[in-house]
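In: have a look at this prediction, sequence included:
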Amino acid sequence: VQLQASGGGLVQVGGSLRLPCATSGFAFGDYAIGWLRQAPGKEREGISCITGRTHTYYTESVKGRFTISRDNAKKTVYLKMNSLKPEDTAVYYCAAGLACDGSHYPKDYWGQGTQVTVSS
């Protein structure tokens, strides 16, 4: 099982980034994929996930700014982040699992993180 997050970088306040999470080694369509992030000195938090049936969930702080989507043919999930704020600065991880309901996020398989830094 592999999950590869990428697309992070340095962006100014109000800017945008798109993070792909490429996957392999498991039945992609059967799993929810989520994005979680960890800011310096803080616990890792789930921010968005998408089920195999493309139901999507977002934590309150990113609603209206972030959009999660999946491409089953490419076995890839994307997180489009708009209107970025300094508080979005964190390492972003993608994860696969069965849990995805707004209160619970996928955590069975993890990729490495990608750093997102929003500068003011």
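Out: That came through, no problem. Numbers count the residues shown, from 1 in each chain.

In: spatially central residue for this structure, please.
Out: What sits nearest the mean C-alpha location of the chain, by C-alpha atoms, centre = their mean, is Trp35, with 2.5 Å.

In: tell me how far that one lies from Glu43.
Out: Distance from Trp35 to Glu43, counting by C-beta to C-beta, to the nearest Å: 15 Å. Glycine gets a C-beta too; all of them are placed from N, C-alpha and C.

In: related to what we said a few turns ago, what are the pairing partners of the strand or helix carrying the residue nearest to the centre of the chain, and which direction each?
Out: Using DSSP states H and E, Trp35 sits in strand 32-38. For strand 32-38, the paired strands and their directions (DSSP bridges) are strand 45-50 (antiparallel), strand 90-97 (antiparallel).

In: buried ones in that strand?
Out: For strand 32-38, burial by neighbour count (16 or more other C-beta atoms under 10 Å) applies to Ala32, Ile33, Gly34, Trp35, Leu36, Arg37.

In: which residues touch it?
Out: For strand 32-38, the surrounding residues in contact (C-beta atoms under 8 Å, 6 or more residues apart in numbering) are 3, 19, 21, 23, 44-52, 68, 70, 77, 79, 88, 90-100, 105-107, 113, 116.

In: buried only: go through these for me.
Out: 3, 19, 21, 23, 44, 46-52, 68, 70, 77, 79, 88, 90-97, 99-100, 105-107, 113, 116.

In: what's opposite Arg37 in the beta bridge?
Out: Bridge pairing for Arg37 - DSSP bridges - gives Glu45, Tyr92.

In: and it, how close does it get to Gly25?
Out: To Gly25, Arg37 is 23 Å away according to C-beta to C-beta.

In: over to Asp88?
Out: With C-beta to C-beta as the criterion, Asp88 and Gly25 are 30 Å apart.

In: equivalent analysis for Gln2, please.
Out: To Gly25, Gln2 is 5 Å away according to C-beta to C-beta.

In: send the alpha carbons of stretch 24-31 over as CSV?
Out: Output of stretch 24-31 as CSV, limited to C-alpha atoms (Å, rounded to 0.1, in the frame of the first residue of the first chain):
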residue,chain,number,x,y,z
SER,A,24,-1.5,2.1,-5.2
GLY,A,25,-1.6,-1.3,-3.7
PHE,A,26,-5.2,-1.4,-2.5
ALA,A,27,-8.8,-1.4,-3.8
PHE,A,28,-9.0,2.4,-4.2
GLY,A,29,-12.7,2.5,-4.9
ASP,A,30,-13.5,0.7,-1.7
TYR,A,31,-11.7,3.2,0.5
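
In: right, I'll call it a day here.
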